[in-house]
Structures are given as structure tokens and as C-alpha cells.
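> just the structure for this:
(2 chains)
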Amino acid sequence: MTHTSDPATATATAKEHTTATSLRLEGLCRRIGGRPILDGINLEVAAGECLALLGPSGCGKSTVLRVIAGLDPCDGGRILLDGRDISQQKPARRRVAMVFQSYALYPHLSVERNLSLGMELRGVDPEQRERELAAVLELLQLSALRRRRPSELSGGQRQRVALARALLRKPQLMLLDEPMSNLDAQLREELRPQLRTILCGGRAPAIYVTHDQQEAMGIADRIAVLQEGRLQQCGTPQELYQHPANLFVAGFIGRPQINLLPQGDGTVVGIRPEHLRAVDEGGLAVRVRSREWHGASQLLLLESAQGPLRWTCDGNQTLGDDLRLGWERRHEHRFEQASGERC
Amino acid sequence: MSALLLMAPALLLLLVVFVWPLLDYAWLSLQAQSVFTGLEAVPVGTLNWQRLLVDGRFWQDAWQTLRFAAVSVALELVAGLAIALLLHQRWRGRGVVRGLALLPWALPTTVMALGWRWIFNDPYGPINGLLQLLGLATLPFLAAPELAWLATVVADVWKTTPFVALLLLAGLQMIPDDLYEAFALEGGTPWQGLWRITLPLLRPYIFIVLLFRLAQALGVFDLIAVLTGGGPASSTESLALYAYLNAMRFLDFGYSATVMLGMFLLLLAGAGGLLLWRRQTDAPQEVRP
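Have a look, this model is predicted:
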């Protein structure tokens, strides 16, 4: 991807008719056969904000999008778009655009037909159609590909077409369902800043579903962590990393994974691998079991009396070394063992 | 060399079941082999072919066969598409209905043709029974040319619509749901979706259906042989039935082979036209910049 045009200004133009909106979910529920898939989700996304929905597979994050879009029914709670409850409206009336994981491009239509079909359905007159089409093709650098069919495009190009189609909808809310999961890692990293400018430059709020925390941190203003249909924590990437609300969030955010050391008193202490320090006296006695070399640092897998530990360090320890490790008090996270909540 | 060797089984099969009988028939069409020759093959050159060109019954049957095929396949396509769309929706009991819907197709044609012959019976069949119940006169379904032709079409549509529906249902299942979801989010109605997404993406399947069904309907034999016997006054007679009558009733094997080959050539021309049409409409319409 090269930078020929300024995406932010062009997005603003593409969205000039859209007024600033905000989204509020109040106790959103979805059940399938009596089993709760979503269990009272409360969320707020401000105009121009990008919220990432993060969670393991099957946690219900895609269902949140589908319920908001109206593709799945809302079994409880309200969806307020600009203060208006849209939870019972037909999908077509919600002014919500969605980028599907599969992109869902019409295989029998060229890029330009894929993009103009929606405008045609909404009764946009031909001249304006052509104008807006040209603008969005320019913005996403698709002008040279406008006559190709989706099957003649690469994964990244398809993703841009899907994004262009969503932008042309001039949505009051933008939904993206793992839009990068079909792309290779390098392309994903290249596209991230561009996607961020496009999503955060507009006036509509955006919800971005992903299971990749790096992607969530790189693109979103705030992250909502979901597990088993329940919202675990919602905050900026820094908040989630520095003050995880419970054991699940602590374990899910941050790579390598946090060390959890059960204490005798019914609490668990969490300490991130990068916060451990070698000490001469006191601390925890450990032995080096194996290591992974990561370039700038190395990850040591250690064994201690309290179980296995991960330590990110730049030292030169070798296998079988005996060490003592400590950490600063301010880096310590303490959770109740039974409930998993932060103390 | 090894390529040829690997293709040999398939080639051999084609040769035995297709090319050889065809050549045999081509040879036979140049012979007189009938009761007049004592059932011995006597070379007569193109005499049979000259007769074919001026045989009014052959061309009459060709027209009747074409009319039968065109009308019944068109009806089957529309009804099959409607049933396929219905069976593609999610509803309670769909699985059972999907199975039941296939029954007419699973029935042997002869058996179902006998059934229809009884249904159309004048005056004892159920349809005429119903007409009588309503105080109307009975209709000679199988004795009046137009009605008999209609009866063959009705029976054929009843029997093969499930086949069409099955193929189109398979096609519908190949269309990802998210296309419709994206379409709905863009403001499209289900009716628009049918024309903008379903039918264009179903095109290859519609083509297959047309190819299969037209080839089958143009060669129709058993249904008509049992239901009307080609009557009344050979008004429902198909080309295949005419070829059969020439061989088995008139014992004129040479001319029967000629009729058969004539029909084959007509079919070939039709299929060629269809392929050509498909290639033209399917060619990449757009040139890349």
C-alpha cells in the first residue's frame, strides 16, 4: 500500500452527509434455544470512536455485530443509535454498514458494480453515483481495478473493496467482522494504520471484531473484552494492560501471557513476564527450563516452587541455571481466586 | 504415450457405447433392411435419407417433439425454481418435504404414465369424476389431440420438476448467505435479491438443467408410448416413438436407423446452439484497463 492520497480528508468528504452519531447498547441479549449467547451487554461508542470487540473464538463477539446490524434478532435489551432504539428495525433501515469476514462481495459483478449496486438500490441518481464511486475508488486506491471481478483480486484488494462498499453506505455505524483475518500477517500490519485513519477519521462510530489483541490495540481507541457472552472489561488498551479487571482479562491481554501465582490466602498474584527482575537476595527461586529467542529479548520458561513462570529478559541465562526473581510492588496485580475479580 | 495409455479406458468405453453404435447406425441408414428384403441388409445408398427429407410424418413429429420439450421444460424450470426456493428456506418439516418432493422423479416413468393414463381416463378417471361431480361434461383427455398433448406435458412436468428443483436447490446452497445479508444491509429487498443475486449466480445450474432436460425431453419415448401411444392420430408422437415404430412395428430397420440419426443430428444442432449461446453470454464482458 502506498500513500498517494490523504485518507482522512477523503473519508471526511465521503461521509459529509453523515451527522455525528453515537451508539449505546443496553443489556443486549441473544439466546439460541434457551442458551444465552449474549448476556446483558452494556457498551457505549462515541461518534468517531473505534471500539474493538476482543475475545476468544465463540465468545459471542460476531453475534454482537449481527444483532446490531439486525441480521440476528435481539432477544432483550436496547440498541440506541443516536438515542433512537433500532433493535426491532429491519436491517435495511438501520443505516449500518458491515464489512464481513468473507467480504461478501458479489462474485458476478465487477468492482464498480459491486460498489454502485447499493447506491442504485437506494435510488441515488447516476451522476452522484459516479462521483461517489470515483471518490471512494481513489481513496482506497482501487481505480485501476474497477472493471475486475472479485475473483481477479488479491485478498487485500478484496478487503478494500468491501471497505469501500461499507463507506459508500454512508453509515451511522460501521461494523467490521474480523476484516483482516484472511490476510497474511505482513499485509495486516501494513493495512492497520490505513484502516485506523479511515475508521477514526469518520463521524460514525465503528466496532471492530477481532481475536487478535495486537490488531485491537493497533486500531481501536478502546477495547471491549468479551467472554462467554459477557463483557469482561472495556477500556483503552493501556487500561486493560495496566489494570485488568479480572483473571480472564489479565490472561488474555498481554503477550507473553501473565504469570499467575496462587497465594495461600485465597488470592492470586499476577505479574507480567516483562516485570520480573533478577535479584540477589529473597524473591522466588527458579530454574531455567527452556527458552525462546525473540530477537530484541528472550523468553525464558522457568520452574519454581509455585509452578511454571515466563520471564522476558535480555540476559544470557542458559538452560539449567538457578536464579532468584523478584518484582516491584507497583507491577503486581492481585485477584480473588474464587471470583477472579481484581482485589 | 503414457497420456494416451491413461486415457485408453475412457476412450475405449466411449468407443464401445457411443461411437460404434453410431457408426453401425450410419451404416444401417444406407441399407434397406425390412420385410421386403427378407430382413437382409441391402445397400441402397442415400435412399433412406431422401425419404426422410420428404417424410411429412418425420417433420411433423420433429415439430411435436420440439413443442413438447420447449413447453414442458419451460414449465419445469419455473415450477422447479419456485420449489427449490421454497425448499431452501428454513421451516419445520422441510426435511420430510424435501424427501417427498423427490418421489415423482424416483417413480419409473412407465408406472407413472400408467397412473396418469388412468387419471385422464374418460369417463372413469378421477379428473372426469370430479368434472361430473361438479355437473360438467366429461372430457376426452386422451382422445382429443390438443387435450392429449396437454396430458403428456402435465405428466412430464409432474415427473421431472423434482429433478429440476433438486439441481437448482444444490445451486442455491452454493450461494453464501452473507451475500444476501450484505445485500439486505445495503437496502435491497428479497425480491430484488432474487433478480440481482440468486438468478445470476444460479445461471450455471440453470444451464445444466436446460441441457439435461432438453436432451431428455427431445428424446421422450416411454412416457408417450405408455400414456397415449403417440395418438390420437399420431398427434402426440415423438421422434423417438416414430423410430421405434419403424423398427418394431413396420420392421423397417434401415429407415428406423435413418430416423434415429436424423433426430440425433437435430439434437446435436440444438445442443451446439445452446453451447454457443452460453459461450457468448459468458465471455468476459469487460476489458481490463
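> get me the contact residues on the stretch 101-250 of chain B for chain A.
Contact residues (Cβ under 8 Å from any Cβ of the partner chain) of the stretch 101-250 of chain B with chain A: B:176, B:178-179, B:181-189, B:192, B:196-197, B:200-201. Yep, even glycine has a C-beta here, placed from its N, CA and C like the rest.
> just the buried members of these?
Neighbour-count burial (16 or more other Cβ atoms under 10 Å in any protein chain shown) is assigned, among those, to B:178-179, B:181-188, B:192, B:196-197, B:201.
> so B:Ala62 is in which element?
Using DSSP states H and E, B:Ala62 maps to helix B:56-88.
> that helix: which residues count as buried?
Buried residues in helix B:56-88, counted by 16+ other Cβ under 10 Å: B:58, B:61-62, B:64-66, B:68-69, B:71-73, B:75-77, B:79-81, B:83-84, B:87-88.
> which other helices and strands does it contact?
helix B:94-101, helix B:145-173, helix B:199-218, helix B:239-248, helix B:253-282 (3 or more Cβ pairs under 8 Å, 6 or more residues apart in numbering or on different chains; DSSP states H and E).
> and the helix or strand harbouring A:Arg310, which strands flank it?
Assessed by DSSP H and E, A:Arg310 sits inside strand A:307-313. With DSSP bridges as the test, strand A:307-313 is paired with strand A:298-304 (antiparallel).
> so what touches the partner strand?
Residues outside strand A:298-304 that contact it (Cβ atoms under 8 Å, 6 or more residues apart in numbering or on different chains) are A:256, A:273, A:284-292, A:308-315, A:317, A:323, A:325.
> hmm, 10 Å instead?
Outside strand A:298-304, the residues that touch it by Cβ atoms under 10 Å, 6 or more residues apart in numbering or on different chains are A:255-256, A:259, A:261, A:273-274, A:276, A:283-293, A:308-319, A:321, A:323-325.
> I'd guess A:Leu80 is in a strand, am I close?
Yes: counting by DSSP: H, G, I helix; E, B strand; the rest coil, A:Leu80 falls inside a strand.
> so what's it up against?
A:Ser22, A:Leu23, A:Arg24, A:Leu25, A:Glu26, A:Glu44, A:Ile86, A:Ser87.
> apart from its neighbours in sequence, what residue is nearest the third one?
Okay, so that is A:Arg24. Sequence neighbours aside, A:Leu80 is the residue nearest to A:Arg24 in space, at 4.1 Å (criterion: Cβ to Cβ, 6 or more residues apart in numbering or on different chains).
> could you check how far that neighbour is from chain B?
In this view, A:Leu80 and chain B are 19 Å apart by Cβ to the nearest Cβ, to the nearest Å.
> tell me what that residue is bridged to.
Listed beta-bridge partners, A:Leu80: A:Arg24, A:Asp85 (assigned using DSSP bridges).
> which ones are touching the residue in the stretch 101-250 of chain B that chain A sits nearest to?
As assessed by Cβ to the nearest Cβ, chain A sits closest to B:Glu186 within the stretch 101-250 of chain B, at 3.5 Å. Residues near B:Glu186 by Cβ under 10 Å, 6+ apart: A:91-92, A:97-98, A:117-122, A:165-166, A:168-169, B:192.
> next, residue 141: phi, psi?
All of this refers to chain A. phi 50, psi 50 (degrees, to the nearest 10).
> switch to chain B, that's the one I care about
phi -50, psi -40.
> so it makes contact with B:Arg117?
Yes: the criterion here is Cβ atoms under 10 Å, and B:Phe141 meets it with B:Arg117 at 9.3 Å.
> quick one: which of those two has more around it?
Comparing B:Phe141 with B:Arg117 by other Cβ atoms under 10 Å in any protein chain shown, the one with more neighbours is B:Phe141, at 22 against 18.
> residues touching that one, list them.
B:116-117, B:119-122, B:125, B:127-128, B:147-148, B:150-151, B:154, B:227-228 are the contacts of B:Phe141 under Cβ under 10 Å, 6+ apart.
> and for B:Ala257, nearest residue in space, chain neighbours not counted?
Once flanking residues are discounted, B:Ala257 sits nearest to B:Leu28: 3.9 Å by Cβ to Cβ, 6+ apart.
> counting neighbours, what do you get for the one you found?
When neighbours are counted by other Cβ under 10 Å, B:Leu28 registers 21.
> need the contact list for it.
Contacts for B:Leu28 were tallied using Cβ under 10 Å, 6+ apart; they are B:Pro21, B:Ala41, B:Asn48, B:Phe253, B:Gly254, B:Tyr255, B:Ser256, B:Ala257, B:Thr258, B:Met260, B:Leu261.
> could you give the average pLDDT over stretch A:185-204?
For stretch A:185-204, mean pLDDT is 82.
> list the buried residues of that stretch.
Residues of stretch A:185-204 classed as buried: A:187-188, A:191-192, A:194-202, A:204 (neighbour count, 16+ other Cβ under 10 Å).
> just name the closest of these to B:Leu53, please.
Of all the buried residues of stretch A:185-204, B:Leu53 sits closest to A:Leu187, with 67.2 Å by Cβ to Cβ.
> assign the nearest residue to that closest one once chain neighbours are set aside to helix, strand or coil.
With Cβ to Cβ, 6+ apart as the measure, A:Gly156 is the residue that lies nearest to A:Leu187, at 5.1 Å, once sequence neighbours are left out. Using three-state DSSP, the structure places A:Gly156 in helix.
> counting neighbours, what do you get for A:Gln213?
By other Cβ under 10 Å, 20 other residues sit near A:Gln213.
> is it true that it touches A:Gly251?
No: here A:Gln213 does not reach A:Gly251: they are 11.3 Å apart, not a contact under Cβ under 10 Å.
> isn't A:Glu328 right next to A:Ile271, touching?
Yes: using Cβ under 10 Å as the test, A:Glu328 is close enough to A:Ile271 to be in contact (9.5 Å).
> so between the two, which is more surrounded?
For A:Glu328 and A:Ile271, the more surrounded residue by other Cβ under 10 Å is A:Ile271, and the numbers stand at 23 against 10.
> contact partners for that one?
A:250, A:258-261, A:284, A:309-311, A:325-328, A:331-333.
> only the buried residues of stretch B:147-156, if you could.
By 16+ other Cβ under 10 Å, the buried positions in stretch B:147-156 come out as B:Ala148, B:Trp149, B:Ala151, B:Thr152, B:Val153, B:Val154, B:Ala155, B:Asp156.
> chain center to the helix holding B:Ala62, what's the gap?
Distance, stretch centre to chain centre, for helix B:56-88: 7 Å (Cα atoms, centre = their mean, to the nearest Å).
> which stretches of the chain have low pLDDT?
You didn't say which chain, so I picked chain A. Scanning chain A for pLDDT under 70 picks out A:1-20, A:201.
> not what I meant, chain B
Residue ranges of chain B with pLDDT under 70: B:282-289.
> find the nearest non-adjacent residue to the residue most central in space within it, please.
The centre of chain B sits closest to B:Ala217, judged by Cα atoms, centre = their mean, with a distance of 1.8 Å. Nearest residue to B:Ala217 in three dimensions, chain neighbours excluded: B:Ala69, at 3.7 Å (Cβ to Cβ, 6+ apart).
> in contact with that neighbour, which residues?
Each residue near B:Ala69 by Cβ under 10 Å, 6+ apart is listed here: B:Val153, B:Asp156, B:Arg213, B:Leu214, B:Ala215, B:Gln216, B:Ala217, B:Leu218, B:Gly219, B:Val220, B:Ser238, B:Gly270.
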